[in-house]
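# Can you look at this prediction? I've put the sequence above it.
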Amino acid sequence: MKKSIYTTILVILTICCIIGGTIYHVFGWLSHSSLLPWNWGSSYEKFDENRETYESQLDAFSAVKIDGSVFDITIESGDGYYISYDCVSYLVPEIRQSSSDKTLEIIQPKVPQFHSGIHNNNCDMILTVPGDCKLEGVTILGDVGDIEIKNLSGAKLCIESAVGDASVTHCNFDFSDISMDVGTLEVEDSSLGVCTADSDVGDLTFSSCDFTSLDAGSDVGDIEIELQKDISHYEVDLSCDIGSVSVNGKDCRKSFYQSSEHNSNSIIATTSTGDIKLKY
C-alpha cells in the first residue's frame, strides 16, 4: 500500500515538472514579446508579417546538424542535395557548410517572438539528400515543431525534441539516440541498430523494426514494439510501475523477462505510467 502511495506521488511530481518545463519552452518568448506593456514602443517595430521562402541546391555533405527554435523539419531522400524553407523573416535560419569535414549546419534564431495573437509563426523546412547517400551523422535539436525522417541511412541518428512529434520511416542507422520531452515518436519499417529512445510525456511506437539493441523508456506514455525478427533473437526485459505489460497479446501483468544465452541482442522497455506492448 505504501509503495503504491509513493509511486503515485512520484508520478504527480514528474507530471508537474514536465508541465512546468513545457510552459517554459513554449511560452518563454513572452518575456520578450511586444504583447507585454513594458515592451510597447521599444520592440513592436522589430516585427512584421513578412515571410521568406528559399530553395537552393547544396554542395555535397556527409553530416547534418540542425538547431531549430520553431521549425517543422523534414529530411528525406531525393535526386540531389537541396534545401527549401518557408518561415517568418525573423526566424530565417543560417546555413553553414564546412568544406573541411563536409558538415551542413542549419541554425535558427533561438528566441521566437510574437507581436499579435494571430501572428503566423509557423516555419517548415525540407532537406533532401541523394537516395544512395549514407550519412555519417544526422543531429536534430528542436525546441518547438515536428521532425520527420524518411528513407535515410547513416552511421548515427540523434534527435532531441522539446515540444513536437517525431517520425522515422524506412531508415537504416547503426546507432540512434532519440529524446522527446513532450511529444510522440513513431518509427516504422526501420533498422535503428543500437537504439536509445525516451519520452517524458508521449508514446513511443516502433512498427516492423529491427534493432541490435533497444533501450526505451517513458515517464508518462505507452510503448509499443513490433519486431521484424522472432523474439528468440533477443534478451527481453519489460517493466512498468503503473500500467500493464503484454507480449503478443498475452497479459504479463507488470513485467516480462526472457534470457538469451546465445544472442547479445536485447530489448529493454520501462514506463512509470503507461502500458508496454511487444509483438513479433
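Everything's here; your move.
# rest of the way, CA atoms for contacts and neighbours
OK.
# Show me the domain layout of the protein.
2-39, 49-146 (automatic domain parsing).
# least reliable of those domains going by mean pLDDT?
The stretch with the lowest mean pLDDT among these is domain 2-39, at a mean of 48.
# Just read off the phi/psi values of S232.
Here is the backbone geometry of S232 (degrees, to the nearest 10): phi -70, psi -10.
# any idea how far the closest residue to it other than its chain neighbours lies from S161?
Leaving aside its sequence neighbours, S232 sits nearest to S260 (CA to CA, 6 or more residues apart in numbering; 7.4 Å). Distance, S260 to S161, by CA to CA, to the nearest Å: 34 Å.
# And I225, by the same measure?
For I225, the distance to S161 (CA to CA) stands at 21 Å.
# What pLDDT does the model give the closest residue to V245 other than its chain neighbours?
Of all residues not flanking V245 in the chain, I276 sits nearest, at 4.8 Å (CA to CA, 6+ apart). At I276, the model reports a pLDDT of 98.
# Hmm, L238 and I276 touching each other?
Yes - using CA atoms under 8 Å, I276 is in contact with L238, at 7.4 Å.
# where do the contact lists of the two overlap?
Here I276 and L238 have 245, 269-270 as joint contacts, going by CA atoms under 8 Å, 6 or more residues apart in numbering.
# Tell me the one among those nearest to T128.
Nearest to T128 among those is A269, at 32.9 Å by CA to CA.
# Now for that closest one, which secondary structure element holds it?
Using DSSP states H and E, A269 sits in strand 266-273.
# So what touches that strand?
Here strand 266-273 makes contact (CA under 8 Å, 6+ apart) with 11, 212-223, 234-243, 276.
# Show me which of those residues are buried.
Burial by neighbour count, 16 or more other CA atoms under 10 Å: within the contacts of strand 266-273 this picks out 11, 212-223, 234-243, 276.
# returning to what we had before: mind pulling up the phi and psi values for the residue nearest to V245?
For I276, the backbone dihedrals are phi -120, psi 130 (criterion: degrees, to the nearest 10).
# Can you tell me how far it is from S239?
Distance from I276 to S239, by CA to CA: 8 Å.
# that older thread, could the shared contacts of I276 and L238 go into a markdown table alongside pLDDT and neighbour count?
Formatted as a markdown table, those follow (pLDDT from 0 to 100; neighbours: other CA atoms under 10 Å):
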| residue | pLDDT | neighbour count |
| --- | --- | --- |
| V245 | 98 | 24 |
| A269 | 98 | 25 |
| T270 | 98 | 24 |
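# And those, which is closest to N151?
A269 (25.8 Å).
# just so I have it, where are all the strands in the stretch 1-150 of the chain?
For the stretch 1-150 of the chain, the strands defined by DSSP state E, counting those that start in this stretch cover 51-57, 63-70, 72-78, 82-88, 94-98, 103-107, 124-130, 134-144, 147-150.
# I meant to write the stretch 151-280 of the chain there.
153-163, 166-169, 172-182, 185-188, 194-201, 204-209, 213-220, 223-227, 235-242, 245-247, 250-251, 255-258, 266-273, 276-279.
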